[in-house]
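1. Model the following, please.
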Amino acid sequence: MMPTQRKPLDEVRTIREDPDHAPEFPKDGDVGFDMKPMVRWLDPVQLADTAKKAILSQLFATYADQREMQVALAPDVAYFDYSDAGDGEFWFDHIADVGDGFDPTYGMAYLLAAPTLTVDNVETRRGRFVILGGDEVYPTASRDEYQDRLIGPYAAALPYAPPADAPHLFAIPGNHDWYDGLTSFTRQFCQERWIGGWKTWQRRSYFALKLPHGYWLWSLDVQLQSDIDEPQKNYFKEMKKLMKEGDKVILCTAEPTWVYHETKGPDAYETMRYFDDNILGDTSLEVIGLAGDVHCYARYQHADGRQRFVAGGGGAYLAATHDLPHKLDLPHGKGTDHFAEAMYDNEPAVYPTRGKSAMLAAGAIGFALWNRYFAALMGALYLAFVTSVESTSLLQVGMKRYHESIAYSMMNIPFRQALRAFAEISLLSATTMLLFFILLFGLIAYADFEWKVVKVAVGGLHTGLHILAIIVLARSLAALNDAVLPHWSPLKIVLIYAVEMFIAGGIAGSIIFGLYYFITAVFFRRHLEHAFSSQALTLYKQFIRFRITADGIDFFTIGVDSMPNWELKQQPAYPNGQQKPWYAGDIKPRIVDRGSVHKR
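-> Presented below is the predicted three-dimensional model:
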């Protein structure tokens, strides 16, 4: 059924020419999208592209706010009315941080799409709608990335559903959706399109849904940590006027600012504090706070039963949980709201557990194994260092006397003297010193420590390890070539030496970075985001399924510890005509948290 609004919708537009007929199964294997692997965030090209898009997004946000354009195109949008519960139960789903690699994105969509899902002997029903709670695509928003990383997998999980039974889909933009100024997001989610058997309805990046039994769901767009724009303020002020006495709000945002208040400082919570104090007016009305952005799960509970969720397990790389705060002390007016870590089955409501998270952080030691492009960057850096030092030493002894260059000279002297000789030659090379200071100041700035003295010490030690590795490799490879290739021409030896240094330097540099992440993440809880993103783990994904009744709200957090191998396989349709998913696999969901909110 179509959600009703206070003002009528325009004629429905679809991406299917005929929404009354299901698409044919792609027997030739062409599903219309590329099955993307997980994003490799430390790929140098990817890092540069993401940085560029982030800078451009700030300019878009400052000078061309897409939300104002949405208001101009859809000035009369009000709320969506789902207040008729029918049989007394109303179900909806929340999932966030989707649109990364195919396996986890499709796997979670596969579970969301099933008309019923029985998990741990508990039967749940597919949500009347699903909220995509931020970051619908990675690494940056574009038409092609949305198609390959979100639209395609979700359409494959639910290729078709009869329009009367089709679940609806609403989306909140996260920072990655904002990287093109929200242009692609608006095209995909704000034009009432079909995504397979899912129907989109929203006309703006923020919206309000009126739910049964006196509940509302409000979704904010607080883009790139800026203030709430004026039209959005006015919109929710109007929604507040429509609330009746006893009504409660489920508030959805793209970032868990209630956690960032503890981990990033009070400034991270200022926009939400303003919203609570000046628009919502009373935080006791907000029975549930939902947000993604942190790619794991945790729940916090107030003494009066209010809940705050961190739920970003929709498909992106797994994030750490062992650094999450155990309690939240959030400012409210002149007072403070205290939330404690919730418990489920006698354990903290955290997924994965903090112990498992700490163990997974140790996996960063294998950095070199799954970051080959970064290894290539390190190989090029090591080669540049050695080339610069060798060139300076050859200018002193003569280009044809390569056996007297610094690398070969270091073979026959004690290691301490070799270090001194390398340093003396380096001081004579402006290029070498420039590379050294770029590496030193870069690693000092990169060190994830607050105290400047510690940053300098850690960055300096990290730099020292790389310089030491360069010297050891320069000496060792020269000795190897002298023993194995004694009669080769100087040109051939130089070329072989360069290739060896590039390969060995890439391996050594990546191993040092892996050790750096391992030590800082495991022992100091620093660089956790990089330690986890570098591994691109598809483990421990989850979404939350809510059930609203006259007695209150029940929730079931459904998790998947690991993803199966997906096989393109035609299956018979469901009895109601809904087409089954195109890919099949032995996925094993389980309930990782459950409870009730605002029981009457």
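
2. Now do the helix or strand in which residue 131 is found: distance to the chain's middle.
-> Per DSSP states H and E, residue 131 falls inside strand 129-132. Centre-to-centre, strand 129-132 and its host chain are 18 Å apart (Cα atoms, centre = their mean, to the nearest Å).

3. mean confidence for that strand?
-> The average pLDDT within strand 129-132 is 96.

4. And for stretch 326-334?
-> 87.

5. Give the pairing partners of the strand holding residue 131; include direction for each.
-> Paired strands of strand 129-132, with direction, are strand 90-95 (parallel), strand 168-171 (parallel) (DSSP bridges).

6. any idea how far residue 129 is from residue 222?
-> From residue 129 across to residue 222, the span is 21 Å (Cβ to Cβ, to the nearest Å). Every C-beta, even on glycine, is put in place using the N, C-alpha and C of the backbone.

7. which residues in the stretch 1-150 of the chain form strands?
-> Under the criterion DSSP state E, counting those that start in this stretch, the stretch 1-150 of the chain contains strands at 4-5, 80-81, 90-95, 116-119, 122-125, 129-132.

8. can you pull the buried residues of stretch 176-191?
-> Going by neighbour count (16 or more other Cβ atoms under 10 Å), the buried part of stretch 176-191 is 176-186, 188-190.

9. which other residues reach the strand holding residue 131?
-> 3, 82, 92-96, 98, 112, 167-172, 198, 209, 217, 219, 252, 290, 314 (Cβ atoms under 8 Å, 6 or more residues apart in numbering).

10. Pick the most deeply packed of the strands of the stretch 1-150 of the chain.
-> With neighbours taken as mean count of other Cβ atoms under 10 Å, these reach their highest mean count in strand 129-132, at a mean of 26.

11. now the helices: where do they sit in the stretch 1-150 of the chain?
-> Ranges of helices within the stretch 1-150 of the chain are 44-63, 66-73, 102-113, 143-146, based on DSSP state H, counting those that start in this stretch.

12. and the third one with strand 90-95, angle?
-> Orientation of helix 102-113 against strand 90-95 (axes from the mean of the first three to the mean of the last three Cα atoms, to 10 degrees) gives an angle of 170 degrees.

13. Show me the contact partners of helix 102-113.
-> By Cβ under 8 Å, 6+ apart, the residues outside helix 102-113 that reach it are 35-38, 93, 95, 98-99, 117, 126-127, 130, 149-150, 153-154, 156-158, 167, 197, 313-316, 538, 541, 543, 558, 560, 563-564, 566, 581, 583, 585, 587, 589.

14. Can you tell me which of these are buried?
-> Neighbour-count burial (16+ other Cβ under 10 Å) applied to the contacts of helix 102-113 gives 35-36, 38, 93, 95, 98-99, 117, 126-127, 130, 149-150, 153-154, 156-158, 167, 197, 313-316, 538, 541, 543, 558, 560, 563, 566, 581, 583, 585, 587, 589.

15. Mind putting the strands paired with strand 129-132 into a markdown table with distance to residue 327 and mean pLDDT?
-> Converted to a markdown table, these look like this (distance: least, Cβ to Cβ, whole Å; pLDDT from 0 to 100):
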| stretch | distance to residue 327 | mean pLDDT |
| --- | --- | --- |
| strand 90-95 | 23 | 97 |
| strand 168-171 | 31 | 96 |
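
16. Residue 299 is nearest to which of those strands?
-> strand 90-95 (12.4 Å; Cβ to Cβ).

17. low pLDDT regions in the stretch 301-450 of the chain?
-> With pLDDT under 70 as the threshold, the stretch 301-450 of the chain has low-confidence stretches at 394-412.

18. now do 90
-> 304, 331-337, 362-375, 385-432, 450 (pLDDT under 90).

19. all helices in the stretch 201-350 of the chain, in order from the N-terminus.
-> Assigned by DSSP H, counting those that start in this stretch, the helices in the stretch 201-350 of the chain fall at 230-242, 257-263, 270-275.

20. same for the second one, what does it pack against?
-> Looking back up the chat, that one is helix 257-263. helix 270-275, strand 286-291, strand 307-311, strand 327-332 (3 or more Cβ pairs under 8 Å, 6 or more residues apart in numbering; DSSP states H and E).

21. possible to save these as JSON lines with distance to residue 364 and mean neighbour count?
-> As requested, the helices and strands packed on helix 257-263 are arranged in JSON lines below (distance: least, Cβ to Cβ, whole Å; neighbours: other Cβ atoms under 10 Å):
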{"stretch": "helix 270-275", "distance to residue 364": "32", "mean neighbour count": "19"}
{"stretch": "strand 286-291", "distance to residue 364": "26", "mean neighbour count": "24"}
{"stretch": "strand 307-311", "distance to residue 364": "22", "mean neighbour count": "26"}
{"stretch": "strand 327-332", "distance to residue 364": "28", "mean neighbour count": "16"}
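
22. Between those, which one is closest to residue 478.
-> Of all those, it is strand 307-311 that lies closest to residue 478, at 52.8 Å by Cβ to Cβ.

23. Not counting that closest one itself, show me its contacts.
-> 94-96, 133, 256, 258-259, 287-292, 294, 296-302, 324, 328, 339, 342, 542-544, 557, 595, 597.

24. Determine the angle, from 0 to 180 degrees, between that strand and strand 286-291.
-> Going by the same axes, to 10 degrees, strand 307-311 makes 10 degrees with strand 286-291.

25. Give the partner strands of strand 307-311 in its sheet and their orientations.
-> By DSSP bridges, strand 307-311 pairs with strand 286-291 (parallel), strand 297-302 (antiparallel).

26. Please name the residues that touch the residue positioned nearest the centre of the chain.
-> When Cα atoms, centre = their mean is applied to the chain, the residue found nearest the centroid is residue 316 (4.8 Å). Residue 316 is in contact with 39, 97-100, 104, 135, 138, 295, counting by Cβ under 8 Å, 6+ apart.

27. Any idea how many residues pack against the closest residue in space to residue 29 that isn't next to it in sequence?
-> In space, residue 29 comes closest to residue 568 once its chain neighbours are excluded; the distance is 6.4 Å by Cβ to Cβ, 6 or more residues apart in numbering. A count of nearby residues for residue 568, using other Cβ atoms under 10 Å, gives 14.
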